[in-house]
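Trainee: This is the structure alone, sequence omitted:
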């Protein structure tokens with residue numbers, strides 16, 4: 001289910017491209033300095049091409065994570081207490097939990113990119129600096145999401161009470 005949600009922010013990026021591409025100036029600001037001032041310019045096609053490429057790459061990474069992890073040797077999967085969690089009787093459920101969590105994080109990351117692209121579009125349409133009013137809180141929310149992801153993974157893969165185990169694969 002979570003992997004299918006990855007398509008929503010990608011579709012939103014496509015909608016942004018369809019709606020705003022004809023309205024944007026040529027060339028347009030594609031890079032902004034620390035205070036939101038434009039300091040790099042390029043074509044609309046380049047802006048949306050790079051954006052679409054990044055979105056596709058992240059979709060491939062977060063959507064294909066389950067397939068990749070299933071094919072990796074256990075020794076290359078780095079989770080807490082992997083010997084316990086990746087024992088044959090728990091491996092499928094563990095991979096499902098891991099890939100579901102990463103897909104949810106992927107949705108958040110793709111939505112973050114949509115928001116940043118939207119801010120860049122608005123800065124170009126209004127011919128004003130990129131809005132720090134929204135950019136810094138978005139960046140902070142991404143940091144919080146990473147912290148929550150780490151805590152969630154540590155919580156998901158702690159040993160059940162009474163179990164002994166180690167992270168060392170022999």
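Mentor: Nice, I can see it. Because the structure is a prediction, the values reported are computed rather than measured. Numbering: from 1, shown residues only.

Trainee: Am I right that residue 29 falls within a strand?
Mentor: Yes - with DSSP: H, G, I helix; E, B strand; the rest coil as the criterion, residue 29 is part of a strand.

Trainee: bridging residues for it?
Mentor: With DSSP bridges as the criterion, residue 29 is bridged to residue 41.

Trainee: Look up how far residue 126 lies from it.
Mentor: According to Cβ to Cβ, to the nearest Å, residue 29 stands 11 Å off from residue 126. Every residue, glycine included, has its C-beta placed from N, CA and C.

Trainee: got it, and residue 164?
Mentor: Applying Cβ to Cβ to residue 164 and residue 126 gives a distance of 61 Å.

Trainee: What helices and strands are in contact with the helix ranked longest in the chain?
Mentor: Among the segments of the chain that qualify as a helix by DSSP state H, the longest is helix 91-126. Contact here means 3 or more Cβ pairs under 8 Å, 6 or more residues apart in numbering; DSSP states H and E; on that basis helix 91-126 packs against helix 2-5, helix 7-20, strand 28-32, helix 44-71, helix 132-156.

Trainee: hey, which of these is tucked in deepest?
Mentor: strand 28-32 (a mean of 18; mean count of other Cβ atoms under 10 Å).

Trainee: Against which helices or strands is that strand packed?
Mentor: Using 3+ Cβ pairs under 8 Å, 6+ apart, strand 28-32 is in contact with strand 38-42, helix 44-71, helix 91-126.
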